[in-house]
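Colleague: what follows is a protein structure lacking sequence information:
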């Protein structure tokens, strides 16, 4: 079994919990509190910068030119999506760039971002790929699942469509294929570290959505 | 004003909140729940490994031989303290190495450790030093303050004495001096990043103690 | 004076020596030994992979989204140019991918590549930018200078045209602007390190061309 | 066969060439030109700083506390030896710290140092260990071989004795054991990269000694 199928299977319950989380359930029905979506979208913009930086480290550690192009391209794309949030969604929710910049990263966002960067700089490439993969994969699955259920006039439609599109699906497939190729050459020790990284990212994905629903702030 | 005095002054309220936190108040009076101390000491052992790794990156980024010796020496010392926890405290609290190893890092421990490593690998040396400094400094201040107030037969006496000792105090002074020396050559942009890193570490210190008091577990 | 103008001025003699080097003089006149150009083009393909990896680290250390996009984009572009060498020039010189892969990196190529990667992972972003800049800038200047002098039927015409084009010139201007912006916020210590890195890269550029002319091999 | 025995066997000819190099042959007989030894000792002082920094990165990437202590301790020891060169040998050869500081790193020293740091920051721990090992191992073998042949009044006696001592021998054995332990858990891909790194370091060791004998300078 390829690494990706094994990893997804091991974390199936966590994915189900993510899809069923009130944030996503309410988003699907269009009744998610605007303040929760606002919290989410601001934190996602901050997260995407770190996600792009971590993808860039993956490009730097890749030996195969194809992988350098893939990871560096994904790094750019993360920032392009971040800019789309600024230019598109923020306007709808009455936010401008200055307002976003002064909002502090939430604990969940800061934690996930820090862990991705620590993993990127410290770990070998297969582990980095495994850490980055859930963000791609969960978004495609959640996006597709919500897309199939949400009403056309759902006020979060634009966001839903982004992650249910064909371009994003192809990028996710490519990332799964690269991660599996790296796993195929890895030792048992490294594959175990890949599974730990994948599970951690699945967990931090759930925490991120939960934190948006709770509009999480720092206790001090 | 040297960086350190400025940084401490800016974060004084956060330090006061840390010292006054129920974990430390109850520890001083010897009435801290054993399970909370047990949670703390297990997580601290895990944290110290990452703290040592981050100090080692600081050694690798230092240009001055004296700083390489200082940071590499502190990296070793972090592991020596981690081993003392294993050999000394764990026995008292009915824990063995295997029991400690299987306990997962708490969210607070994992967050702080990941951020230290991300900072160490990604940021320039002055910012790394500023991120590492609170763990030294807060422990000395808390250790000294508790030491002066705790009864001699406090059941947490051995822990208290560690951080109130002269050797540790000298190491803290040396780390303050190096951080100030690095700040003195840094640009305004870097000094601002140093202050942000110092404040973040102060915050994550409070969260770490608070998480032990709550015996924090992952929500999923 | 912006950093770039100062750095170029300080290294003017080294640039003049590079342009006047027999490799470039003979290339301009179309009388460069085919074996020297073959050596150059094989080593350049290997160098470009490391150059792309180093640019990806710069993207990972950049805080501004615009800089992440710029450096990650340049990382991709380095690999795109590397592929063009494979698909275009290698065929002309009777080389295929397998033949290129088995040739070892020359000492000059290995040295320059290792230093760029060490700088990228260990140094702060302004110093990385200063280390990467000469490869952009020298190629534009050498390309433009040779382009103006070479006969239209010069057998190295395709190579010459690449670096004398408008797209490349715009990428070089953007990299100069980013380096100057980073220098403007840097301390005197960091600006001195930037000058040292820029001068080192200028020196390793000369050595790279000289090594191709000599068809350098390892002594052991 | 453990990695180390395999690697040493594959590079036996390169080791023999290093031991037989005129630098070492003349050193053994006490007739090495003072200027060559002076060149060597100045460059070695510069090299040891980078060697210590690379060892510190190995400590930062190690997961096992024992390995963190080993690598961080070796990082410190590299600087201690560097200081001994300053305090002891430099005086004998009419050099002071300022004179050493202004001498530029030779091409061979700069190349080896840059490659060690690039490897340390970019590669996984088993490859880093394989890259660092030859410097330990070759010095012990060369030191021991020369020690057995050199006359007691050899003017380079103090240097010879350093690397023929029991403390150094034990440190080398420990580094071999750790490298073998890391190789035992590594995939075939990583073991191949370890062999490439070990061979590269053996080659750069030879080049370093050769460069000292030639009192190498930069061509530009």
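Modeller: Received the coordinates, thanks. None of the values given here were measured: they were computed from a predicted structure.
Colleague: state the distance from residue A:146 to chain B.
Modeller: 20 Å (C-beta to the nearest C-beta, to the nearest Å). C-betas here are computed from N, CA, C, even on glycine.
Colleague: tell me if I'm right that that residue and residue A:28 touch.
Modeller: Yes. Taking contacts as C-beta atoms under 8 Å, residue A:146 lies within contact range of residue A:28: 4.8 Å.
Colleague: list the residues that contact both of these two?
Modeller: Here residue A:146 and residue A:28 have no joint contacts, going by C-beta atoms under 8 Å, 6 or more residues apart in numbering or on different chains.
Colleague: and the residue most central in space within chain A, its phi and psi?
Modeller: Computing the C-alpha centroid of chain A and ranking residues by C-alpha atoms, centre = their mean puts residue A:135 first, at 2.7 Å. Backbone torsions of residue A:135, given as degrees, to the nearest 10, read phi -60, psi -40.
Colleague: so for stretch A:24-44, what gets flagged as buried?
Modeller: Under the neighbour-count criterion of 16 or more other C-beta atoms under 10 Å in any protein chain shown, stretch A:24-44 has A:24, A:26-28, A:32, A:36-44 buried.
Colleague: let me redo that: stretch A:149-157
Modeller: Buried, per 16+ other C-beta under 10 Å, within stretch A:149-157: A:150, A:154, A:156.
Colleague: what would these look like in TSV with distance to residue C:217, secondary structure and pLDDT?
Modeller: Shown next, in TSV, are these (distance: C-beta to C-beta, whole Å; DSSP: H, G, I helix; E, B strand; the rest coil; pLDDT from 0 to 100):
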residue	distance to residue C:217	secondary structure	pLDDT
A:150	65	coil	92
A:154	66	coil	90
A:156	63	coil	88
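Colleague: okay, those in JSON lines with distance to residue C:121 next?
Modeller: Listed next are those as JSON lines, based on distance: C-beta to C-beta, whole Å:
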{"residue": "A:150", "distance to residue C:121": "44"}
{"residue": "A:154", "distance to residue C:121": "45"}
{"residue": "A:156", "distance to residue C:121": "40"}
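Colleague: in the helix or strand harbouring residue A:99, which residues are buried?
Modeller: According to DSSP states H and E, residue A:99 maps onto helix A:97-102. For helix A:97-102, a neighbour-count test (16+ other C-beta under 10 Å) marks residue A:100 as buried.
Colleague: next helix or strand past that helix?
Modeller: Assigned by DSSP H and E, the successor of helix A:97-102 is helix A:107-122.
Colleague: now do that next one: distance to the chain's middle.
Modeller: From the chain centre to the centre of helix A:107-122 is a distance of 12 Å (C-alpha atoms, centre = their mean, to the nearest Å).
Colleague: what helices and strands are in contact with it?
Modeller: Contacts defined by 3 or more C-beta pairs under 8 Å, 6 or more residues apart in numbering or on different chains; DSSP states H and E place helix A:107-122 against helix A:34-61, helix A:125-149, helix A:188-213, helix B:107-122, helix C:34-61.
Colleague: CSV for those helices, including mean pLDDT and distance to residue B:131?
Modeller: Shown next, in CSV, are those (pLDDT from 0 to 100; distance: least, C-beta to C-beta, whole Å):
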stretch, mean pLDDT, distance to residue B:131
helix A:34-61, 96, 16
helix A:125-149, 96, 21
helix A:188-213, 98, 21
helix B:107-122, 98, 5
helix C:34-61, 96, 16
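Colleague: now residue A:156. Nearest residue, chain neighbours left out?
Modeller: Sequence neighbours aside, residue A:27 is the residue nearest to residue A:156 in space, at 5.5 Å (criterion: C-beta to C-beta, 6 or more residues apart in numbering or on different chains).
Colleague: test my guess that the one you found contacts residue A:151.
Modeller: No. Applying C-beta under 8 Å as the test, residue A:27 and residue A:151 come out as separate, 11.7 Å apart.
Colleague: need the next SSE after the helix or strand harbouring residue A:161, C-terminal direction.
Modeller: Assigned by DSSP H and E, residue A:161 belongs to helix A:157-163. Next helix or strand after helix A:157-163 toward the C-terminus (DSSP H and E): helix A:166-184.
Colleague: smallest gap between chain A and chain B, at which residue?
Modeller: Nearest residue of chain A to chain B (C-beta to the nearest C-beta) works out as residue A:121 at 3.3 Å.
Colleague: get me the contact residues on chain A for chain C.
Modeller: Residues of chain A lying near chain C by C-beta under 8 Å from any C-beta of the partner chain: A:49, A:52-57, A:59-62, A:65, A:68-69, A:71-73, A:75-76, A:79-80, A:82-83, A:117, A:120-121.
Colleague: what's the PyMOL syntax to select whichever of the residues you listed are buried?
Modeller: Selection of buried members from the residues of chain A next to chain C for PyMOL, criterion 16+ other C-beta under 10 Å:
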select buried, chain A and resi 49+52+53+54+55+56+57+59+60+61+62+65+68+69+71+72+73+75+76+79+82+117+120+121
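Colleague: who touches the closest residue to residue A:155 other than its chain neighbours in this structure?
Modeller: Nearest residue to residue A:155 in three dimensions, chain neighbours excluded: residue A:30, at 5.7 Å (C-beta to C-beta, 6+ apart). Shown in contact with residue A:30 (C-beta under 8 Å, 6+ apart): A:150-151, A:153-156.
Colleague: go on, residue A:184?
Modeller: Taking C-beta under 8 Å, 6+ apart, we find residue A:184 in contact with A:2-3.
Colleague: repeat that for residue A:145.
Modeller: residue A:19.
Colleague: for it, give its distance to residue B:66.
Modeller: 58 Å (C-beta to C-beta, to the nearest Å).
Colleague: what number of residues lie near the closest residue in space to residue A:193 that isn't next to it in sequence?
Modeller: Counting by C-beta to C-beta, 6+ apart, residue A:127 is the residue found nearest to residue A:193 once chain neighbours are left out, at 4.9 Å. Residue A:127 is flanked by 25 other residues according to other C-beta atoms under 10 Å in any protein chain shown.
Colleague: can you list contacts of stretch A:105-114?
Modeller: A:39, A:43, A:46-47, A:49-51, A:201, A:204-205, A:207-208, A:210-212, A:216-218, B:107, B:110-111, B:114-115, B:118-119, B:207.
Colleague: of the residues you listed, just the buried ones, ChimeraX syntax please.
Modeller: Buried residues within the contacts of stretch A:105-114, by 16+ other C-beta under 10 Å, are selected in ChimeraX with:
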select /A:39,43,46,47,49,50,51,201,204,205,207,208,210,211,212,216 /B:107,110,111,114,115,118,119,207
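Colleague: so residue A:159 is in contact with residue A:90, correct?
Modeller: No. Using C-beta under 8 Å, residue A:159 makes no contact with residue A:90, being 11.9 Å away.
Colleague: so which bits of the helix or strand that residue A:18 is a member of are buried?
Modeller: For residue A:18, the host element (DSSP H and E) is helix A:12-20. Judged by neighbour count (16+ other C-beta under 10 Å), helix A:12-20 contains these buried residues: A:14-15, A:17-19.
Colleague: can you tell if it touches chain B?
Modeller: Yes. For a cut-off given as C-beta under 8 Å from any C-beta, helix A:12-20 has contacts with chain B, namely A:14, A:17.
Colleague: ok and that helix relative to helix A:188-213, angle-wise?
Modeller: 20 degrees (axes from the mean of the first three to the mean of the last three C-alpha atoms, to 10 degrees).
Colleague: and the next element down the chain from helix A:12-20?
Modeller: helix A:22-28.
Colleague: tell me what that following helix is packed against?
Modeller: Right, helix A:22-28 is packed against helix A:34-61, helix A:125-149, helix A:188-213 by 3+ C-beta pairs under 8 Å, 6+ apart.
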